[in-house]
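>>> Following is a predicted model, sequence given first.
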Amino acid sequence: MPVVYKQLLFIVMSVKNYLDFTPEELASDTYFQNWVLQDDQMTNLFWEKWLSDNPEKQADVDLARKLIRQFTFKDYQASEEDFNEVWKNLKENQPRKPTFIKPSRKRRYAVTAAASVILLISVSVFFNKKEPQSSEPVIVNNHIKAGTDKAILTLENGADISLEKGQSYVTGNITSNGEEIVYGTNRENSKEIAYNYLTIPTGGQFKMTLSDGTKVWLNSESQLKYPVTFVDGESRQVELVYGEAYFDVSPSTEHKGSKFKVLNQSQEIEVLGTEFNVKAYKDETNIYTTLVEGKIAINLESTNQVLFPNQQSNVNLKDNNIEVLSVDVYREIAWKDGVFSFKNKSLKDIMKILSRWYEIDVVFENKELEDITFNGALEKKLSITNILSIIDINYDIHDKTVLIK
């Protein structure tokens, strides 16, 4: 974009009286949409300064951003009726049935999807299609089910306890309702540290509250090692053995200044009180740490890296190099709110994510499809056949194997 045009654009935005805009008007404004959907330095500068000068408008801005992200555009602009319907549902928080719209297509397999993001109101999917691409799938003995709340708790004596939705478990300072496990505070302040493990199998997820009040969301195929109770005044330390976890850390000010650390393979994350996500699966060679709020330090053998909100570190385990990028935080943590969120994600990577949740094996008969990218958001409670139909690809299902054709 020419410099003169950028300067003119900045002047135009400065003249507009955004203070009087409602969230709906903000979401309808072209310049505001550009800020939410595109990475433009000039637009970013304007809105960051505007929010800094007008912090009372933060709630309106957040609501308008949520509305815009109902629609992930790719060769398609939602109609005014679509826009108004989603806005109405967003404000009223009322569920509605999935809506599918098929306008003309400009490129093969282009797909967009929109889900009721934070509020999980509903799912609306918009995808481009010139003519039907997928044939009727062959489905034989479909035993594939969406994931659910389940975990294996390993106690300090080595005993394994199955935690499942609808079943309660209570012992000592541990309570679980089958969806979450909560550790109470040990008033005796023992100097001996006993460790438990919480393992989330394929097709599972679970929430937990540690004894210091820190909340943790664990994704499928994940394992966390942690103390049954923490020792006052000493560093609070847990280990994400593998998988993905979201941490909402209890502030150090409430624990005599004791820091909170998360260990994982070759990195150590040090925090004072913050929210962040760590993704470190066994079958991947990179560790991704995304900061939502606060401040954390990534400590490696050869270097240290401080992260600020909306930044993500990428540690390559092969050479221990670290890269830091600015990211759309919600897309990285949507999984804990029951949403798959994809941005320029290859079909191969999408199917890997789906395989963890639906406990499936995926085989690409047509290897060319692996690199096709998609944008969109879908609720995790949808069936695998619904998901694949929305993506609009040819597939067959045999037992728990999905064949992409």
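Thanks, I have the structure now. Numbers count the residues shown, from 1 in each chain.
>>> Only C-alpha atoms from now on, for both contacts and neighbour counts.
Will do.
>>> Report how many residues lie close to the closest residue to Glu379 other than its chain neighbours.
Among residues not flanking Glu379 along the chain, Val339 sits closest, at 4.5 Å (Cα to Cα, 6 or more residues apart in numbering). Applying other Cα atoms under 10 Å, we find 22 residues neighbouring Val339.
>>> and Val339, what pLDDT?
Model confidence at Val339, given as pLDDT, is 87.
>>> And for Leu272?
According to the prediction, Leu272 has pLDDT 70.
>>> what do you get for Asn394?
88.
>>> hmm, back to that, how close does the residue nearest to Glu379 sit to Lys380?
5 Å (Cα to Cα, to the nearest Å).
>>> can you check Val138 too?
As judged by Cα to Cα, Val138 and Lys380 stand 23 Å apart.
>>> for Asn264, same thing?
Applying Cα to Cα, the value for Asn264 to Lys380 is 27 Å.
>>> same check, this time on Val292
22 Å.
>>> Neighbour count for these two, which is higher?
Between Val292 and Lys380, counted using other Cα under 10 Å, Val292 has the larger neighbour count: 24 against 21.
>>> hang on, that one packs against Pro309?
Yes. Using Cα atoms under 8 Å, Val292 is in contact with Pro309, at 5.1 Å.
>>> Show the pLDDT at the nearest residue to Val329 once chain neighbours are set aside.
Among residues not flanking Val329 along the chain, Asn310 sits closest, at 5.7 Å (Cα to Cα, 6+ apart). We have a pLDDT of 93 for Asn310.
>>> same check, this time on the one 5 residues further on
At Val315, the model reports a pLDDT of 93.
>>> for it, helix, strand, or coil?
strand (DSSP: H, G, I helix; E, B strand; the rest coil).
>>> That one: neighbouring residues, count only.
22.
>>> Can you name the residues bridging to it?
Listed by DSSP bridges, the beta-bridge partners for Val315 are Ile287, Ile322.
>>> Quick one: residues contacting it.
Asn286, Ile287, Tyr288, Asn321, Ile322, Glu323 (Cα atoms under 8 Å, 6 or more residues apart in numbering).
>>> Distance of it relative to Ser326?
Noted for Val315: a distance of 15 Å to Ser326, by Cα to Cα.
>>> Same check on Thr285?
Distance from Thr285 to Ser326, by Cα to Cα: 20 Å.
>>> low-confidence ranges in the stretch 51-200 of the chain?
Scanning the stretch 51-200 of the chain for pLDDT under 70 picks out 69-135, 186-191.
>>> the strands in it, which residues?
Per DSSP state E, counting those that start in this stretch, the stretch 51-200 of the chain carries strands over the ranges 99-101, 111-115, 123-127, 139-140, 148-154, 160-164, 169-171, 174-176, 180-183, 195-200.
>>> Centroid-nearest residue for the chain?
By Cα atoms, centre = their mean, the chain has its centre lying nearest to Ile333, at 2.2 Å.
>>> can you pull the pLDDT of the nearest residue to that one once chain neighbours are set aside?
Distances taken as Cα to Cα, 6+ apart put Asn277 closest to Ile333, at 6.8 Å, once the chain neighbours are dropped. pLDDT for Asn277: 96.
>>> chain center to the one helix or strand Asn277 maps to, what's the gap?
Secondary structure assignment for Asn277, by DSSP states H and E: strand 275-280. Strand 275-280 has its C-alpha centroid displaced from the chain centroid by 10 Å (Cα atoms, centre = their mean, to the nearest Å).
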